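1. below are the sequence and a predicted model; questions follow.
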Amino acid sequence: MTTRHFLKDDDLTPEEQRELLEFAAAVKRPGWNRHSLAHNGTPRSVAVIFEKPSTRTRLSFQVGIAELGGNPVVIDSQSTQLGRGETIADTARVLSRYVDAIVIRTFADARITELAQHASVPVVNALTDGWHPCQLLADLMTVAEHKPLKGTAIAYVGDAAFNMGNSTVIACSTAGMHVRIGAPAGYQPAREVLDRAAEINRTTGGSVTVTADPVEAVTGADVVSTDSWVSMGMEDREQRLGELAPYQLSTDLLSHAADDAIVLHCLPAHRGEEITDEVMDGPHSRVFDQAENRLHAQKALLAWLVGGDRR
Ligand code: CP
Ligand code: NVA
């Protein structure tokens with residue numbers, strides 16, 4: 001049997017994504033309390049490894065695994081032999097002897113791909129430079145609490161060429177949404193990401209448009225999302241702040257969206273840069289529901305992937 005991994009958003013088919021989001025909504029309901037990560041009373045262990053900082057991902061995985069009756073083993077790679085150069089392949093082989101799944105946040109996607117190639121247990125992407133698929137499960141879950149996913153228009157403004165932009169394009173296409181990217185040249189999704197989205201959209205009925213005009217992207221949108229302009233590991237801060245300044249999610253930009261539009265941000269927010277206080281704290285914002293939904297969505301994901309529990 002092949003081991004299922006969740007390395008990027010299109011590792012789930014549209015049908016699987018729909019099922020998982022329905023399961024996540026069930027997990028969130030009061031009274032849902034299953035020990036999907038315990039086997040005959042013994043907790044299954046999940047390693048959660050960080051090569052970059054984290055608040056939400058670290059806490060939501062640790063709490064979620066414990067709530068599922070599992071044993072979370074949360075570590076920073078610098079405190080392991082990974083930090084002294086042990087190969088990712090050897091690490092994968094060793095961890096597979098101890099734990100039932102490996103969740104990892106790292107830099108290049110090649111690193112998580114190699115880990116998955118050498119692991120005999122499921123590997124979950126907790127953010128790489130290229131993708132943030134667990135975040136998008138929470139984002140879609142949050143949208144679904146307000147609107148049907150299929151046919152809903154999401155505008156994503158700012159840096160669309162990194163993990164959150166890529167995952168938004170692919171996960172929302174998988175859900176049959178209409179994605180409008182508002183980003184300047186150099187910050188737009190790569191051709192291969194857009195090509196993959198077009199392939200997915202042929203079956204889901206979704207679409208992706210890309211414009212350098214933030215107002216055009218946001219006009220009439222049902223959901224408006226953004227992310228930090230300087231992601232972890234980036235160094236050209238001043239240049240990026242200058243080039244992305246016209247894409248700030250402000251009350252003025254949001255005024256072009258649908259009257260009942262909701263605002264998403266994966267957090268951490270850099271208030272006053274990519275989003276204003278007024279929008280973050282305003283009536284359209286769902287960013288803290290979105291952060292909470294990381295917990296429910298990841299519980300559903302692990303119960304599904306590791307515990308074989310789908311309802
Ligand atoms: N959104 C998100 O992944 O947050 P953290 O970096 O705090 O985990
Ligand atoms: N794009 C951001 C997301 C943080 C959750 C980063 O990679 O730093």
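-> Structure received. Ligands and ions are numbered 1, 2, ... in the order given.
2. need the longest helix for this protein.
-> The helix that spans the most residues within the chain, counting by DSSP state H, is helix 287-305.
3. helices and strands around that helix, which ones?
-> helix 14-28, helix 56-67, strand 123-125, helix 133-144, strand 262-265 (3 or more Cβ pairs under 8 Å, 6 or more residues apart in numbering; DSSP states H and E). Backbone N, C-alpha and C define where each C-beta goes, glycine included.
4. if we go to 10 Å?
-> helix 14-28, helix 56-67, strand 101-105, strand 123-125, helix 133-144, strand 262-265, helix 277-280 (3 or more Cβ pairs under 10 Å, 6 or more residues apart in numbering; DSSP states H and E).
5. buried ones in it?
-> Using 16 or more other Cβ atoms under 10 Å as the test for burial, helix 287-305 gives 287, 290-305.
6. between it and helix 14-28, how big is the angle?
-> Between helix 287-305 and helix 14-28, the angle comes out at 110 degrees (axes from the mean of the first three to the mean of the last three Cα atoms, to 10 degrees).
7. what is the burial count for T128?
-> T128: 26 surrounding residues under other Cβ atoms under 10 Å.
8. next to ligand 2, which bits of the stretch 201-311 of the chain? Give me the list.
-> Contact residues, the stretch 201-311 of the chain versus ligand 2 (Cβ under 6 Å from any ligand atom): 227-228, 231-232, 266.
9. closest to ligand 1 among those?
-> Within those, the smallest distance to ligand 1 is 4.0 Å, found for C266 (Cβ to the nearest ligand atom).
10. contact partners for that closest one?
-> Shown in contact with C266 (Cβ atoms under 10 Å, 6 or more residues apart in numbering): 56-57, 127, 132, 135-136, 138-139, 163-164, 167-168, 225-228, 287, 290-291, 294.
11. the same query, at a cut-off of 8 Å, please.
-> 132, 135, 139, 164, 227, 290 (Cβ atoms under 8 Å, 6 or more residues apart in numbering).
12. now swap in L12 and tell me
-> If you count contacts by Cβ under 8 Å, 6+ apart, then L12 has 6, 20, 174 around it.
13. which of those lies closest to ligand 1?
-> Nearest to ligand 1 among the contacts of L12, counting by Cβ to the nearest ligand atom, is F6 at 14.7 Å.
14. who's in contact with stretch 213-221?
-> 153-157, 180-182, 209, 211, 224, 246-247, 253-254, 256-258, 261.
15. of those, grab the buried ones for PyMOL.
-> Buried residues among these (16+ other Cβ under 10 Å), as a PyMOL selection:
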select buried, resi 153+154+155+156+157+180+181+182+211+224+247+253+254+256+257+258+261
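16. ok, A92 to R180 distance?
-> Noted for A92: a distance of 38 Å to R180, by Cβ to Cβ, to the nearest Å.
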